[in-house]
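S.K.: Test case, fold it:
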Amino acid sequence: MFRPMPLLVASALALVALGGYDVLRDARGPAAAAGPQPASVAEPATLAVTRLPLGEVVTSAGATLYRFARATARPAKSTCVGQCALTWPPMLSSGGPPKLDGVTPALVGIVVRPDGTEQLTLAGWPLYRYSGDTAPGETRGEGMGGGAWHAVGPTGKPAAATKPAGASTSAPTRPAPALAPAPRPGPAPPPAAPAPNDAGGETGGYGY
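M.R.: Model prediction:
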């Protein structure tokens, strides 16, 4: 009976000699044989306090962040879903702590959305961007939705509500003129001589 084993061994040796080591080692090649490659790590989200004409606003990569009055902070609940989330994209967590600049770490958290994604919160309020803001620092979403949407300040309150007293986005008014200093009082005049009374005596008081 014919046995082709020596021929197969010879063929295998010929492949090795011609550089066909990967064929015998692993048909998938060296990269696959090395095992699964580590997944790339997503860049952490950023939250920063930016001073805008509206006040101190929390931004992410320059984009203004908003809070939705119809959401809840205690407990945190994200209620903008579906078509709403297309107009107001949620600020999602990258899976790790965000990079903070001017934001108190204890105020930052996450809430799980109905679709299972994790959304960043500030003082319990879910954070959103506005699709109508096309340039860094824009706040076109302020007051939209019948006053339900507001740019969020560093404490989680609406930024416009935390603007320092007297701050204004209009041109400053002319300052009032300074008051002239009051004149210093001079030395008191010497007391006047007592005047005689009708009985030839003197009065008991001075003449002023």
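S.K.: Tell me the pLDDT of the spatially closest residue to Ala69 that is not a sequence neighbour.
M.R.: In space, and not counting its chain neighbours, Ala69 is closest to Ala148: 4.3 Å by CB to CB, 6 or more residues apart in numbering. Where you see a C-beta, it was placed from the backbone N, CA and C, and this is true even at glycine. Looking at Ala148, its pLDDT stands at 97.
S.K.: What about Ala148, how many residues nearby?
M.R.: Ala148 has 14 neighbours, counted by other CB atoms under 10 Å.
S.K.: Equivalent analysis for Thr87, please.
M.R.: By the criterion of other CB under 10 Å, Thr87 has 16 neighbours.
S.K.: Kindly indicate whether the residue nearest to it when sequence neighbours are not counted is helix, strand or coil.
M.R.: Closest residue to Thr87 in three dimensions, ignoring its sequence neighbours and counting by CB to CB, 6+ apart: Ser131, at 5.4 Å. Secondary structure for Ser131, judged by DSSP: H, G, I helix; E, B strand; the rest coil, is coil.
S.K.: Ser131 and Ala85 touch, don't they?
M.R.: No - using CB atoms under 8 Å, Ser131 makes no contact with Ala85, being 9.9 Å away.
S.K.: which of those two has more neighbours?
M.R.: Per other CB under 10 Å, whichever of Ser131 and Ala85 has more neighbours is Ala85, with 18 against 13.
S.K.: Wasn't that one part of a helix?
M.R.: Yes - Ala85: assigned to a helix according to three-state DSSP.
S.K.: I'd like the numbering to begin with 635 instead of 1 from here.
M.R.: Fine by me, first position is 635 from now on; the one you just mentioned is Ala719.
S.K.: What segments of the protein are helices?
M.R.: Ranges of helices in the chain, per DSSP state H, are 639-651, 655-659, 664-667, 717-721, 778-781.
S.K.: and those, which one's lowest on average pLDDT?
M.R.: Per-stretch averages of pLDDT across those put helix 655-659 at the bottom, with a mean of 36.
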